[in-house]
Structures are given as C-alpha cells and as structure tokens.
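Undergrad: task: produce atomic coordinates for the following.
(one chain, ligands or ions: 2)
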Amino acid sequence: MAPQSAQSVPRSADLVVLGGGSAGIVAAKTAAGFGAKVVLVERDRTGGDCLWTGCVPSKALLAAASVAAAMRRGQAFGIDASNVTVDFSRVMTHVQGAIETIAPVDSPDTLRAANVNVVSGTAHFTGPRSLAVGANTITFGQAVIATGAAPAVPKLPSLDQVDYLTSETIWGLTELPPRLTVLGGGSVGCELAQAFARLGSAVTIVEAAESLLPAEDRDAAALVTQSLIDDGVDVLTRTTAESVTGRALVLTDGRRLEFDSLLVAVGRKPRTTSIGLDTAGVTVDRRGFVTVDKHLRTTNPRIWAAGDLTGHPQFTHTAGMHGSIAATNAILGLRRTVDRTGTPRVTFTDPEIAVDGIDTEAAQRIPGLHVHTLGHEHVDRAVAERETRGFTKLVLDGKHRIVGATVVGPRAGETIGEMVLAIKQGLRTRDLAGTTHPYPTYNDAPWNASIADVRSQLARPIVSGTITTLARVRRMWQRRLTN
Ligand SMILES: Cc1cc2nc3c(=O)[nH]c(=O)nc-3n(C[C@H](O)[C@H](O)[C@H](O)COP(=O)(O)OP(=O)(O)OC[C@H]3O[C@@H](n4cnc5c(N)ncnc54)[C@H](O)[C@@H]3O)c2cc1C
Ligand SMILES: NC(=O)c1ccc[n+]([C@@H]2O[C@H](COP(=O)([O-])OP(=O)(O)OC[C@H]3O[C@@H](n4cnc5c(N)ncnc54)[C@H](O)[C@@H]3O)[C@@H](O)[C@H]2O)c1
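TA: Ligands and ions are numbered 1, 2, ... in the order given. As a prediction, this is how the structure comes out:
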C-alpha cells in the first residue's frame with residue numbers, strides 16, 4: 001500500500017471503515033455500491049487475518065499435510081509409496097502461493113476499482129464523528145469498526161522468555177520444528193497440530209478442557225482426537241501450563257514438555273484497545289468486544305461494528321455477512337438483523353467437523369427435538385475410500401424439519417452446504433428424501449438419514465395401517481377390473 005505521506009486522505013466521508021479484513025472489505029464495497037463516498041483505513045495489508053495468517057495459509061498447509069498422510073496410507077489400497085519426505089520450505093512456498101493467488105481479490109487496487117478510497121495507516125477515533133489517521137482527520141457521517149481480533153496470550157511466567165508462536169507468526173517458520181507443543185486444543189490448535197504432525201513434527205497438544213474441541217459434539221471431538229493420535233500427536237487434556245522453564249512447558253500436574261517451538265492457540269481477543277472507542281462513545285463488554293444490537297449498531301448510533309470484534313462467532317463468512325448488514329443499515333437506514341440461530345462452521349481437521357443450526361448438545365436441552373444419526377459405514381463412497389470413521393447427525397423438530405446438522409468425515413464442509421440451505425428453508429426430511437442425489441457421494445449420508453427418518457414415520461402404526469389398507473383396496477380394485 002502507498003506510504004501514508006504519499007497519499008491524499010479525504011477530509012470527510014459518508015462512511016469510514018476501520019480495518020480492511022473480511023468484514024471491512026465487504027462493508028466498504030457494499031456501501032460504495034450504494035453510491036456512498038467510502039474511505040477504508042487499513043494499518044497493514046488489506047485482506048486481514050483470513051487471507052494472510054488464518055483461513056488461507058492454514059487450509060493450504062493442511063492440504064500439503066493431507067497429501068503426505070495419503071501417501072503414507074497408500075498401502076491399504078495396494079499402493080506403496082515408501083520414504084515419504086517433506087521439504088518444508090517447498091511446503092511453505094505452496095502456502096505463500098495460495099495467499100498470493102487469492103490476494104488480488106482483496107487488494108487496494110480492487111477496492112479502488114469498486115470506488116473505495118483506501119487509506120494506509122492506523123485509525124483511531126477523535127470524537128463521535130471524527131477519526132485520525134496519522135496527522136489527518138476524517139469526519140464521517142457513519143463508521144464501521146472492523147479491526148478484528150488477535151491471538152490471546154495467557155499470563156504464563158517466563159512465556160515472554162521464549163519466542164513462542166501464534167497463528168500470526170507461525171507462517172514465518174523456515175524449518176519444520178522437530179518438537180512442537182501446542183497450547184490450546186480448539187480449532188487453531190487441532191488444525192495446526194494435525195498439519196505439523198503429518199509434515200513430520202513430534203506434536204503435543206495441551207488442552208485445559210475435558211476434551212479437544214470442547215465446543216463440538218462429543219463423538220465428533222472423539223473421532224478427531226483419535227485421528228490426531230493416529231497421526232502421532234500426543235494429546236493431553238484436563239491440564240494446562242503453569243510456567244515456562246528454558247524450552248519446556250511445565251504443566252499443572254508437574255510434567256515438563258520439552259519443545260523446539262511452542263504454539264499458543266488459546267483463543268482470540270478483540271482489537272478494541274487504542275482506537276479511541278471511549279472518545280467515540282462506543283462501549284465494550286467486559287471481555288473487550290464491542291457492544292452491538294441485533295442490527296450491529298454500537299452505543300454511538302452513527303457507528304456500527306462488524307466481524308471478530310463483536311463477540312459473535314469468529315468466522316470469515318460471519319464477518320462478511322456482518323460487513324454487508326452494517327453497511328446496508330448505515331447507508332440505507334434499513335434494519336437488517338444478524339441471524340444468530342445457527343452459524344455454519346467447519347473444523348478442517350481430518351475428519352472434518354461441519355455444523356449448522358442447532359447442535360447436538362443444545363438439541364438435548366430443547367424439548368420436542370430429536371437427533372437422527374447415520375454412521376458413515378453405511379455410506380458407500382466412504383466405504384470405497386476407506387473413510388468410514390464419521391457420522392451425520394440430523395437434529396429434527398416435531399414436524400421432522402431439519403433444524404440442525406453435524407457432519408463428520410471427509411469433505412463434511414461441502415456436505416454441510418446442502419444442510420445450510422435445508423435448515424434456512426425449513427425443509428423436512430421428506431423434502432430431502434424425495435430429491436434424487438447422485439450416487440455415490442458423501443451427501444448420501446444426510447440423504448439416507450432423511451430416508452431412514454421418513455421410513456420410521458411410515459412405520460408408525462396409524463400410517464402403516466393406512467398404507468396397508470390403501471394397498472389392499474387397490475389390489476381388490478385391480479382384481480375387479482381384470483375379472
Ligand atoms: C489460523 C486461523 C484459521 C482460520 N480459519 C478459518 C476458516 O477456515 N474459516 C473461517 O471462516 N474462519 C477462519 N478463521 C477466522 C477468520 O480468519 C476470522 O474470523 C476473520 O478473518 C475475521 O475477519 P475480520 O474482518 O473481523 O477481522 P480481520 O481479518 O482481523 O481484519 C481486521 C483488519 O483490521 C486492521 N486493523 C486493526 N486495527 C486497525 C486500526 N486501528 N486501523 C486500521 N486498521 C486496523 C488489521 O490490520 C486487519 O487487517 C481462522 C482464524 C485463524 C487465526
Ligand atoms: N476452521 C475454522 O473455521 C477456524 C479455524 C481456526 C480458527 N477459527 C476461529 O478462530 C477462533 C480462535 O481459535 P482458537 O483455536 O485460538 O480458539 P478456540 O476458542 O477455538 O480454542 C481455544 C482452546 O484453548 C483452550 N484453552 C484456553 N486457555 C487454555 C490454557 N491456558 N491452557 C490450555 N488450554 C487452554 C480452550 O479450552 C479451547 O479449547 C475460533 O474460535 C474460530 O472462531 C476458525
């Protein structure tokens with residue numbers, strides 16, 4: 001981006017956007033599309049965490065790791081590929097290649113072509129209707145705060161003595177760490193632990209909760225845990241770090257874990273300090289997330305917030321949807337609301353965990369819901385690919401509408417797309433059952449689960465009695481016709 005001194009900064013704008021990540025980019029483009037005069041301020045690189053340090057590099061790394069894993073398990077298919085070697089620097093070249101290929105989509109040039117004025121610099125509010133970027137002041141009609149979140153770092157004695165890694169810095173590694181310890185077994189921890197283990201690191205995960213991925217369906221988390229163990233990961237749960245000594249993590253149970261690299265992956269904290277929120281009259285909650293109403297309006301009616309800093313689920317698709325809603329409400333004065341009933345999410349481990357709508361834990365607490373489960377040993381594609389560890393759980397209401405789905409297995413992230421539509425449209429299992437699906441795919445899982453549910457409805461005495469009677473009447477009628 002152009003250095004701040006070389007750029008001309010507008011003095012006013014209809015909408016100013018702070019932060020050029022997924023939320024900020026969509027907000028800025030949406031508002032510019034409505035003809036508003038839009039300024040987007042980005043302190044670093046447009047594209048945000050998703051492009052540079054989040055989704056894109058992590059998925060590219062996982063893709064390389066899955067190739068290594070597939071080669072190692074070739075024997076089961078009668079294919080020998082002995083001596084799988086990993087050239088880490090070429091793996092990282094592949095990762096950077098994915099970033100560079102996608103980057104132009106989010107670039108300042110692309111934004112300018114969409115009539116967004118991109119300003120390079122760090123923004124902070126100087127009042128309820130103004131902000132500063134360096135020596136420049138911009139007054140705004142409306143503003144969207146989209147400064148995102150950053151890795152949280154626990155207060156751990158002597159942690160600052162080691163050059164620990166986070167999801168922001170791990171992409172600068174030039175050599176594969178022989179021993180990698182991962183503190184935190186959530187989505188970042190599990191995805192990166194599996195990737196590094198498959199690429200050849202000896203990985204240990206330390207998770208404070210009872211299990212890895214504690215927010216997910218227990219059976220799903222158990223399958224991912226087993227898969228990580230199969231990949232050679234040492235999984236330690238119900239424990240945490242007490243301190244760091246030399247290059248070792250000392251756990252609460254006294255164990256010492258020697259590491260070459262330590263990845264801290266214990267969650268993310270909002271980037272809401274140092275941007276003058278007090279001055280602007282924008283309040284934050286006790287965890288530092290910006291307080292928003294269901295229209296994403298903050299406590300300053302001219303200022304909106306979007307993305308990771310709102311405390312809503314921290315995903316790129318959520319951030320993008322937020323950006324669109326905030327900009328539409330700000331510029332057109334509409335009252336679009338955030339749908340928080342079910343945010344689709346995918347953990348891109350092997351197997352993947354994909355969830356939408358009401359999850360299986362919540363379903364147990366809500367009267368009138370039941371869960372229909374289909375193990376992937378009944379999915380022919382999974383059998384053909386020796387990938388039967390997985391399942392599909394459909395959460396159904398009393399009218400057999402699909403109100404939630406959890407899919408675990410290869411490409412679960414693709415399968416969930418159909419479930420997202422089914423849930424949003426209020427479809428019933430009979431709608432899915434009556435729709436021809438191509439064979440054999442992993443989408444046979446929710447299809448077959450729906451067919452099984454419809455069959456169980458047909459097996460109810462009153463329904464099966466009616467069907468039997470109908471068939472009998474038809475038989476009699478046909479006999480009469482032929483006699
Ligand atoms: C390792 C990892 C993997 C992930 N994988 C996925 C995934 O597979 N799928 C998924 O949906 N989500 C994933 N996420 C989450 C996803 O990256 C975030 O939800 C998303 O990037 C949030 O977008 P955002 O616009 O809210 O914030 P960000 O992308 O963080 O953008 C905020 C921007 O604001 C800028 N900024 C900050 N302060 C200022 C300031 N004062 N002035 C100007 N600019 C400022 C920052 O430089 C940044 O560019 C992953 C996250 C991580 C860490
Ligand atoms: N595939 C995806 O969509 C994807 C991938 C990565 C990240 N993300 C997003 O980024 C967010 C942050 O990911 P994350 O993994 O950093 O956070 P997280 O909240 O998902 O997981 C953090 C984990 O660390 C554990 N933990 C916290 N403090 C600990 C401690 N002191 N010792 C040991 N364990 C501790 C927690 O119990 C939790 O399991 C996610 O919630 C998600 O929204 C999404």
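Undergrad: list the contacts for Gln142?
TA: Gln142 makes contact with Asp14, Leu15, Val16, Arg302, Ile303, Trp304, Ala330, Ile331 under the criterion Cβ atoms under 8 Å, 6 or more residues apart in numbering. Any C-beta I mention is one placed from the backbone N, CA and C, and that applies to glycine too.
Undergrad: surely it is in a strand?
TA: Yes - assessed with DSSP: H, G, I helix; E, B strand; the rest coil, Gln142 lies in a strand.
Undergrad: that one bridge partners, please.
TA: Beta bridges link Gln142 to Leu15 when assigned by DSSP bridges.
Undergrad: okay, it and ligand 2: tell me how far apart.
TA: Look at Gln142 and ligand 2: by Cβ to the nearest ligand atom, to the nearest Å, they are 27 Å apart.
Undergrad: about what we covered before: between the contacts of Gln142, which sits nearest Lys393?
TA: The shortest approach to Lys393 among the contacts of Gln142 belongs to Trp304, at 36.2 Å (Cβ to Cβ).
Undergrad: for that closest one, report the pLDDT, please.
TA: With respect to pLDDT, Trp304 scores 98.
Undergrad: what of Arg340?
TA: pLDDT, Arg340: 82.
Undergrad: the closest residue to it other than its chain neighbours: what's it in contact with?
TA: Counting by Cβ to Cβ, 6 or more residues apart in numbering, His312 is the residue found nearest to Arg340 once chain neighbours are left out, at 6.7 Å. By Cβ under 8 Å, 6+ apart, His312 lies in contact with Thr318, His322, Val338, Arg340, Thr343.
Undergrad: also Val162?
TA: Neighbours of Val162 in contact, by Cβ under 8 Å, 6+ apart: Val244, Arg247, Leu262.
Undergrad: quick check: the first one is in a strand.
TA: Which is Val244. Yes - per three-state DSSP, Val244 lies within a strand segment.
Undergrad: that one against Ser158, yeah?
TA: Yes - applying Cβ atoms under 8 Å as the test, Val244 and Ser158 come out as touching, 4.3 Å apart.
Undergrad: helices and strands around the helix or strand bottoming out on mean pLDDT in the chain, which ones?
TA: Using mean pLDDT, DSSP states H and E, helix 461-482 stands out as the lowest-scoring helix or strand of the chain, at a mean of 90. The contact analysis (3 or more Cβ pairs under 8 Å, 6 or more residues apart in numbering; DSSP states H and E) places helix 461-482 against helix 444-458.
Undergrad: just how off-centre is the helix it packs on within its chain?
TA: Offset of helix 444-458 from its chain centre (Cα atoms, centre = their mean, to the nearest Å): 28 Å.
Undergrad: and the stretch 51-200 of the chain, which residues reach ligand 2?
TA: Pro154, Leu183, Gly184, Gly185, Gly186, Ser187, Val188, Gly189, Glu191 (Cβ under 6 Å from any ligand atom).
Undergrad: helix, strand or coil for the first one?
TA: Secondary structure of Pro154, reduced to three states by three-state DSSP: coil.
Undergrad: quick check: phi and psi at the nearest residue to it once chain neighbours are set aside.
TA: Spatial nearest neighbour of Pro154, chain neighbours left out: Val266 (5.7 Å); criterion: Cβ to Cβ, 6+ apart. When read as degrees, to the nearest 10, the backbone of Val266 gives phi -110, psi 20.
Undergrad: picking that back up, just the buried ones from the contacts of Val162?
TA: Burial by neighbour count, 16 or more other Cβ atoms under 10 Å: within the contacts of Val162 this picks out Val244, Leu262.
Undergrad: okay, now Lys294: neighbour count?
TA: Lys294 is flanked by 12 other residues according to other Cβ atoms under 10 Å.
Undergrad: assign the residue lying closest to it once chain neighbours are set aside to helix, strand or coil.
TA: Spatial nearest neighbour of Lys294, chain neighbours left out: Thr337 (4.6 Å); criterion: Cβ to Cβ, 6+ apart. Here Thr337 is coil, with the state taken from three-state DSSP.
Undergrad: about what we covered before: in strands, which of the residues of the stretch 51-200 of the chain next to ligand 2 fall?
TA: Leu183 (DSSP state E).
Undergrad: would you mind listing what in the stretch 51-200 of the chain touches ligand 1?
TA: Residues of the stretch 51-200 of the chain lying near ligand 1 (Cβ under 6 Å from any ligand atom): Gly54, Cys55, Ser58, Lys59, Thr122, Ala123, Ala146, Thr147, Gly148, Ser167, Val188.
Undergrad: okay, the contacts of His312 in TSV with distance to Leu111, secondary structure and neighbour count next?
TA: Listed next are those as TSV, based on distance: Cβ to Cβ, whole Å; DSSP: H, G, I helix; E, B strand; the rest coil; neighbours: other Cβ atoms under 10 Å:
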residue	distance to Leu111	secondary structure	neighbour count
Thr318	21	helix	22
His322	18	helix	28
Val338	24	coil	19
Arg340	28	coil	10
Thr343	26	coil	18
